[in-house]
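A.B. asks: I'd like to go over a predicted model; first the sequence, then the structure.
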Amino acid sequence: MPELPEVEVTRRALAEELTGDRLQGVVIRTLKLRLPIPSDLPVLLQGRTLQEVGRRGKYLLFRLDNGWLIIHLGMTGHLRVLPASMAAGKHDHLDLLFGGGRILRFTDPRKFGTVLWSGGEPHAHPLLADMGPEPLEEGFDGEYLHALSRSRSVAVKQLIMNSSVVAGVGNIYANESLFRSRLRPSRSPHSLSREECGALAVAIREVLAESILQGSTIMNFRVAEEPLRYHPLDFRVYGRGGKPCFDCGGMLEEIRLGNRSTVFCPHCQK
DNA sequence: AGAATTACCTGAGCGC
DNA sequence: TGCGCTCAGGTAATTC
């Protein structure tokens, strides 16, 4: 489950490795992801040059001469740059062939990933058009969260995981940022003060930025041929239900919120 | 409009 | 060793 930091680290690695290179071929092994891969992708991509690699939330945006290839890694997807001679495995769904015998290979066992094409601005694509602000950019702050939260009835954790509220905050970082800001995941948004909303916005920005920094530091300079890993040792609460809180030593509690695994410290988080 | 539910998919972990 | 079961989870589509 690549979250925003992993997607950003991938973006940087691919931009470094592939920007300016020409796409020489496309191999699609199945169109049947959760949403079908556009069948005319080979025609659209063949011979085009990669101009830049961007990101919106957890969507990777590859700008070609004639439009944008949009890829979401879903739960289990990853992208690697490999020698073209590398045999394809069971879950290798898409290869983009570049010069120098390199392929950009999309692999996704659970097929929750998404491959789209946009002829124009990718932000206008229907699946991206309604996304909220980028958490690491201007426009996402405590005031914004506070204003938005007045009329919402879901738990605050569900609020920040809503992509129309803020882009790219998934389950792991929602848990982590709520712990950092000392807020219970089940809190009603309209109960949050301006100060609490501010602390939450800061916490979200911090946990994401720190994870990107850490991921970048360990990133293989030549682009990992192994999928990027998470940094499970760094998580303070995610995956640690029943274990001691790093801050107070009390036992972390695990509940379900919106059918998502939710971990918090009942002592530290109010 | 916002909230809740469903659907998609397969590896991993479990009990037996 | 292998079978059957349950679970995990991002997000689009659908329903309430």
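C.D. replies: Received the coordinates, thanks. Residues are numbered from 1 along each chain as shown, chains lettered A, B, ... in the order given.
A.B. asks: Would you confirm that residue A:201 contacts residue A:139?
C.D. replies: No - using CB atoms under 8 Å, residue A:201 makes no contact with residue A:139, being 10.7 Å away. Yep, even glycine has a C-beta here, placed from its N, CA and C like the rest.
A.B. asks: Looking at these two now, which is surrounded by more residues?
C.D. replies: More neighbours surround residue A:201 than the other of residue A:201 and residue A:139, with 22 against 10 (other CB atoms under 10 Å).
A.B. asks: so, in contact with DNA strand C or not, the helix or strand containing that one?
C.D. replies: Using DSSP states H and E, residue A:201 sits within helix A:194-218. No - using CB under 7 Å from any atom of the strand, helix A:194-218 stays clear of DNA strand C, with a minimum separation of 13.3 Å.
A.B. asks: ok now that helix, how far from the chain's centre?
C.D. replies: Offset of helix A:194-218 from its chain centre (CA atoms, centre = their mean, to the nearest Å): 14 Å.
A.B. asks: cool, stretch A:166-180 as well?
C.D. replies: 11 Å.
A.B. asks: my guess is residue A:70 is in a strand, correct?
C.D. replies: Yes - membership of residue A:70 in a strand is supported by DSSP: H, G, I helix; E, B strand; the rest coil.
A.B. asks: For the residue nearest to it when sequence neighbours are not counted, pull up the helix or strand it's in.
C.D. replies: Distances taken as CB to CB, 6 or more residues apart in numbering put residue A:116 closest to residue A:70, at 4.1 Å, once the chain neighbours are dropped. Using DSSP H and E, residue A:116 sits within strand A:114-118.
A.B. asks: quick one: strands adjacent to that strand?
C.D. replies: Here strand A:114-118 has these sheet partners by DSSP bridges: strand A:67-72 (antiparallel).
A.B. asks: what about the strand it pairs with, near DNA strand B?
C.D. replies: No - for strand A:67-72, no contact with DNA strand B is found by CB under 7 Å from any atom of the strand; the gap never falls below 11.8 Å.
A.B. asks: Extract the CA atoms of that strand and return them as CSV.
C.D. replies: Output of strand A:67-72 as CSV, limited to C-alpha atoms (Å, rounded to 0.1, in the frame of the first residue of the first chain):
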residue,chain,number,x,y,z
GLY,A,67,-1.1,14.2,-23.1
TRP,A,68,-0.7,12.6,-19.7
LEU,A,69,-0.3,9.0,-18.5
ILE,A,70,-1.8,8.8,-15.1
ILE,A,71,-0.9,5.9,-12.8
HIS,A,72,-2.2,5.0,-9.3
